[in-house]
Structures are given as C-alpha cells and as structure tokens.
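**Student:** sequence unavailable; structure follows:
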C-alpha cells in the first residue's frame, strides 16, 4: 500500500515523502534486528523492476521513476492526469522533454518608450539551477521583478505548472510558490530574527502571535540554512552581513516555495559564506526546488548552474547547458563582441614621479599600513568586501579623517595634514565623489 501511494504521488509530479505515516499498528518480530538490511538484493529505492499485480497496478520501477504520463491500470483507465514530470536533478540535455514549473512566452516590460525586456521566452524547471547572466542593464532585475510579481509585464504570458497566471503583486507570486531573495535585503533591522522570517504570516493564537510556535518554526528554518546556532530573538541590526543573508534566505524558505530566486545573494559575502550559500542552493535543488540564480561571478556559475541564459539589452540571447560553452563564448554573448575588442590592451604608463603616494597609512585599526602609488594617466582600482576600509582610505586621502598615521604625498608635496577645504583649493587639488 505504501509503495502504491508513493508511486501515484510520483506519477502526479509530487515529491516523494521521506516519512509516511501508516494508519496501522506497528508489527514487531523478535527476528528483526536494527541496522540489518533485509532487502540486500534490491536497489536503494524500493521501486525495483517489479510489478504489483495484487494491487491492480502493473507498472515497473523504471516507469515510476521516469513518471511516464501514459501509464494505465489493468482496467485500461489512466492512472494519473500526468500533466507534468519533474526533470531529474542536474540533467539538462533532455530537459525539453519535461514540462517546466514556469514558462515565459514573449514577455515584455516597457517603461514609457524604453523596452527593459523584449520578447523573452524562458523555461524554468524543478530540480534544476538556472543561471541568469548579463551585463548591468541587460534586463536581469526587470526579469526577476516580473517573475516575482513586483512588476506587471506589458506584453507576453507567464505559466506556472501549465496554468496561465497574472501577478498583480508579490503576494500573488508567493501564493503561486515563487520566492525571491533580492540583492537589497528586505529585513527590518529593529525587529528580531524570528519576527523578520515570519513577518508576512506569523502563527497566531487567540488573535496574538504564538511566540512558541513562531520560535519552533524559525529554529527549523535556521537549521535548514545552516544557522542553527543563531538565537531567533536576536535583533537583525546586531547581525553581520553574512548572517543577515542567511536570515533572508530562511525568510524566503518560510513561504514553502517551489521556485526560489537568488539575486546576487553572494555579492558582498566572504569566500566561506559564499561556499555555504552555494551548498545550500545545491541542497534545495536536490530537494526538488526550481532555482533561478543571478550572479556576475563566472566561477559560481560554472560550479553551480545546470543551465544558463544570457541576457543583453533586455533580450534573451541564448539558453544552453552550462558545460557546453567556454567563458570567452559566454562573455562574447553578454557583450555582443569579443573580449579582445571590448578590453583592448592599455597603453603603457610612462614612469615618472607619482601623482599620489600613500606609504604606511594606518587609522583606528581599520587602515593598516596601506601602500599605494599612482602615476598620471593611471586608473587604480580599489576592491574588497563592504566594510574592509575602502571608504576610510578615500576619506583619509581627502583629509576628512583625523589621527591618521603614515605618509600621504600629492605631486611630491606632503599632504599628511590638512582639511577637505585645503585639498580642494590648494594645488594639487583633489575632488571627492562619494
């Protein structure tokens, strides 16, 4: 009976339960021992290549696990409607054979005369990670807003599980099983972790929030995202950025989504925190969720995505299996021209006395022995995660910070002291654009 129930669930496109309650007394036997495998000759899954004639069901394991839509029982009737089949995880070569969770057809978004999206066709499958890549302004954010109900499309259609939908707002999309984790976090700093995660649908009792039920639900969600050590009563404002990102993901999972969208979720995280997010995305994919992943990092795309779609100027250029294209080919699709043409070799900088010299600059434990030298006509890039001292370095150079140590020279002249007003008015002058 359990086998038949689970088989029918599989044929109907539902996830197979890991635990199934049986309304019968448990049978005990002195001959059964814990830890013994009494089915050693069978496959790991109990759906072995056998039929079940006593149950009036005559399909095999292979038919069950491929969710064949044409199965019939012995009476000749259809066993299930069979409208959708879930694509096996990580398989993209035959993905077209499986009905997608979401299908976009001719999707367009106009802002006045500007076409932010134009004629986008896209299929998103369950059990798969689909990466959306493109330059800034390619239409990625607009696509996510249309999918998640934030922006109503101008033209085109959206289907969810084969049925046409029209989202008037984000709540409609959430009810359809779509949850988006935007780059700009939606957490309320002055609320607790628990209040933030269940902000839209807290458990209630007698008209008030049931704090015990809320805590139990939040603890489970935090454990799922790998933050089980986090106290649900902690104020969000007291959390570091990486922890806030995990809370944001837990908030998205609280809605029990079927499609989870990551929008640049690792852009400000450390390598270790990013690694955890990637592992979490794989686990959710393996659990049957459809994952839409937006990132500028080609390394993450290579490691994580099963399928990629490249966008440029509001249009989808191409969708393909991730391993079927090189990085150079993907970048060329993003830019519309070769990498060599987009980034020609720079003219060599003629060595001369540097216009800016920073030697051993330190301040308040944030800046530590910074060394920088810049020639005329040279562009110096300063990179790093948020809060790593980049902002303070520029403020120190502009004369805003007090108590700095080290040496700053501009065009050979000492600039260790001085105010921003002096930096602007005294040659060599500086301009600071915050």
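**Tutor:** Structure received. Note that the structure is predicted; figures quoted are calculated from it, not measured. Numbers count the residues shown, from 1 in each chain.

**Student:** might one say that residue 304 is in contact with residue 282?
**Tutor:** Yes. The criterion here is C-beta atoms under 8 Å, and residue 304 meets it with residue 282 at 7.1 Å. Where C-beta positions appear, they are placed from N, C-alpha and C, glycine not excepted.

**Student:** higher neighbour count, those two?
**Tutor:** Counted by other C-beta atoms under 10 Å, residue 304 and residue 282 do not tie: residue 304 has more neighbours, with 22 against 15.

**Student:** now that one: how far from residue 356?
**Tutor:** 40 Å (C-beta to C-beta, to the nearest Å).

**Student:** again, but for residue 268
**Tutor:** According to C-beta to C-beta, residue 268 stands 27 Å off from residue 356.

**Student:** residue 372 too?
**Tutor:** On the measure of C-beta to C-beta, residue 372 and residue 356 end up 7 Å apart.

**Student:** for residue 303, the count of nearby residues, please.
**Tutor:** By the criterion of other C-beta under 10 Å, residue 303 has 12 neighbours.

**Student:** cool, residue 163 as well?
**Tutor:** A total of 9 residues lie near residue 163 under the criterion other C-beta under 10 Å.

**Student:** so what's it bridging to?
**Tutor:** Here residue 163 sits in beta bridges with residue 160, going by DSSP bridges.

**Student:** the chain: helices as residue ranges?
**Tutor:** All helices of the chain, identified by DSSP state H, fall at 2-11, 61-65, 140-147, 170-175, 193-197, 211-224, 241-253, 271-286, 298-304, 327-335, 339-342, 390-398, 420-425.

**Student:** and the fifth one, how far out from the chain middle?
**Tutor:** If you compare the mean C-alpha spot of helix 193-197 with that of the full chain, they lie 20 Å apart, counting by C-alpha atoms, centre = their mean, to the nearest Å.

**Student:** show me the contact partners of it.
**Tutor:** 187-188, 202, 214-215, 217-218, 221-222, 230-236, 239, 247, 250-251, 254 (C-beta atoms under 8 Å, 6 or more residues apart in numbering).

**Student:** residue 268 and residue 356: which is more packed in?
**Tutor:** residue 356 (19 against 16).

**Student:** neighbours around residue 107, how many?
**Tutor:** 24.

**Student:** can you pull the contacts of it?
**Tutor:** Residue 107 touches 117, 119, 120, 121, 122, 143, 146, 153, 155, 156, 157, 158, counting by C-beta under 8 Å, 6+ apart.

**Student:** quick one: pLDDT of the fourth one?
**Tutor:** According to the prediction, residue 121 has pLDDT 97.

**Student:** okay, it and residue 263: tell me how far apart.
**Tutor:** Counting by C-beta to C-beta, the gap from residue 121 to residue 263 is 21 Å.

**Student:** now do residue 117
**Tutor:** Distance from residue 117 to residue 263, by C-beta to C-beta: 16 Å.

**Student:** tell me which of the two has more neighbours.
**Tutor:** Per other C-beta under 10 Å, whichever of residue 117 and residue 263 has more neighbours is residue 117, with 27 against 20.

**Student:** so what's the more buried one closest to, chain neighbours aside?
**Tutor:** residue 109 (4.2 Å; C-beta to C-beta, 6 or more residues apart in numbering).

**Student:** doesn't residue 154 make contact with the one you found?
**Tutor:** Yes. The criterion here is C-beta under 8 Å, and residue 109 meets it with residue 154 at 5.6 Å.

**Student:** tell me which residues touch the closest residue to residue 415 other than its chain neighbours, please.
**Tutor:** Leaving aside its sequence neighbours, residue 415 sits nearest to residue 408 (C-beta to C-beta, 6+ apart; 4.6 Å). By C-beta under 8 Å, 6+ apart, the contact set of residue 408 is 357, 358, 359, 361, 396, 397, 414, 415, 416.

**Student:** sorry, back to before: which residues are common contacts for residue 304 and residue 282?
**Tutor:** By C-beta under 8 Å, 6+ apart, the residues touching both residue 304 and residue 282 are residue 129.

**Student:** before we move on, back to that, tally up the residues packed near the residue nearest to residue 117, please.
**Tutor:** Around residue 109 there are 22 residues (other C-beta under 10 Å).

**Student:** ok, now which ones touch residue 111?
**Tutor:** Neighbours of residue 111 in contact, by C-beta under 8 Å, 6+ apart: none.

**Student:** which residue is nearest the centroid of this protein?
**Tutor:** residue 262 (2.1 Å; C-alpha atoms, centre = their mean).

**Student:** can you name the residues bridging to that residue?
**Tutor:** Counting by DSSP bridges, residue 262 forms beta bridges with residue 181, residue 293.

**Student:** these two touch, right, it and residue 291?
**Tutor:** Yes. Applying C-beta under 8 Å, one finds residue 262 in contact with residue 291, separated by 7.0 Å.

**Student:** tally of neighbours for the residue nearest to residue 134 when sequence neighbours are not counted?
**Tutor:** Sequence neighbours aside, residue 311 is the residue nearest to residue 134 in space, at 3.7 Å (criterion: C-beta to C-beta, 6+ apart). Residue 311 has 25 neighbouring residues, counting by other C-beta under 10 Å.

**Student:** and what of residue 252?
**Tutor:** As a burial measure, residue 252 scores 25 neighbours (other C-beta under 10 Å).

**Student:** from what I can see it touches residue 182, true?
**Tutor:** No. Judged on C-beta under 8 Å, residue 252 makes no contact with residue 182 at a distance of 9.6 Å.

**Student:** so where is the stretch 1-150 of the chain shaky, pLDDT-wise?
**Tutor:** 1-97 (pLDDT under 70).

**Student:** same thing but 80
**Tutor:** 1-98 (pLDDT under 80).

**Student:** so what sits against both of residue 262 and residue 291?
**Tutor:** Shared contacts of residue 262 and residue 291 (C-beta under 8 Å, 6+ apart): residue 281.

**Student:** just the pLDDT for the closest residue to residue 320 other than its chain neighbours.
**Tutor:** Closest residue to residue 320 apart from its sequence neighbours, by C-beta to C-beta, 6+ apart: residue 308 at 6.0 Å. We have a pLDDT of 97 for residue 308.
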